[in-house]
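1. Sharing a model prediction with you, sequence too.
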Amino acid sequence: MISTVAPEKVVLGSYTVDEKSNSVNGEVFDQILVLYGYEASSESLLGLDLAMRPDGFVMTDTDCLTSKNNVYAIGELARRGHPCCVTSMADGVAVAKAIQRRIESTAISRFAGLTKRAIGLGLAVLK
Ligand SMILES: Cc1cc2nc3c(=O)[nH]c(=O)nc-3n(C[C@H](O)[C@H](O)[C@H](O)COP(=O)(O)OP(=O)(O)OC[C@H]3O[C@@H](n4cnc5c(N)ncnc54)[C@H](O)[C@@H]3O)c2cc1C
């Protein structure tokens, strides 16, 4: 919304609202609306040097993977879906599944799976 307002009309910093006179910092308005925006906080990046989008959010792929291998970003930090609790939680599920796929795609886990199945078959034959 800020980009739709003329720069000289944008005021940053603390402000005082007087409901009786309908004024902000002494200037009277017909209506006062309060809209909360959000941005990725640098503290949330934990000092990681992640690639960022031009709008200031963490760049991710469809699996929420960031520019660093093994680092995922979900929710508002990555501004993926509509910003709400449900989309943030859904991102968490998507990442959990992506991590599971990565773990299971390694040769060792494939070998472990095959061994497990072979032992299972052996036990079935013994019965
Ligand atoms: C006023 C307002 C009203 C809203 N109303 C709704 C609503 O009605 N329904 C709805 O679905 N959504 C609503 N939302 C949006 C919703 O709250 C967010 O989309 C959602 O909480 C985002 O979840 P998140 O996990 O990405 O981030 P957050 O909920 O912000 O969680 C991030 C967490 O990480 C912690 N953190 C940050 N940095 C660090 C660090 N360095 N170390 C450890 N912890 C850290 C923060 O303290 C925070 O607890 C509202 C948001 C606002 C601001």
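-> Received, thanks.
2. tell me what the worst-scoring helix or strand of the chain on mean pLDDT is packed against?
-> In the chain, the helix or strand scored least confidently by mean pLDDT, DSSP states H and E is helix 107-126, which has a mean of 77. When contacts are defined as 3 or more Cβ pairs under 8 Å, 6 or more residues apart in numbering; DSSP states H and E, helix 107-126 packs onto helix 85-104. Placement of C-beta: from N, CA and C, glycine included.
3. The helix it packs on versus helix 107-126: what angle between them?
-> Angle of helix 85-104 versus helix 107-126, following axes from the mean of the first three to the mean of the last three Cα atoms, to 10 degrees, is 70 degrees.
4. In helix 85-104, which of the residues would be classed as buried?
-> Residues of helix 85-104 classed as buried by neighbour count (16 or more other Cβ atoms under 10 Å): 87-88, 91, 94-95, 98.
5. Check what pLDDT V93 gets.
-> In this model, V93 is scored at 95, pLDDT.
6. returning to what we had before: would you mind trimming the buried residues of helix 85-104 to those in range of the ligand?
-> Restricting those to those within reach of the ligand (Cβ under 6 Å from any ligand atom) leaves S88.
7. gap between the single nearest residue of the chain relative to the ligand and Q100?
-> With Cβ to the nearest ligand atom as the measure, G75 is the residue of the chain nearest to the ligand, at 2.1 Å. According to Cβ to Cβ, to the nearest Å, G75 and Q100 sit 19 Å apart.
8. returning to what we had before: now do the same contact list for the closest residue to the residue of the chain closest to the ligand other than its chain neighbours.
-> Distance criterion Cβ to Cβ, 6 or more residues apart in numbering; nearest residue to G75, sequence neighbours excluded, is S88 at 3.4 Å. The contact partners of S88, by Cβ atoms under 8 Å, 6 or more residues apart in numbering, come to 74-76.
9. what does stretch 96-109 rub up against?
-> Stretch 96-109 has contacts (Cβ under 8 Å, 6+ apart) with 63-65, 72, 110, 113.
10. What residues does the chain have near the ligand?
-> Proximity of the chain to the ligand (Cβ under 6 Å from any ligand atom) is limited to residues 36, 43-44, 46, 75-77, 83-86, 88.
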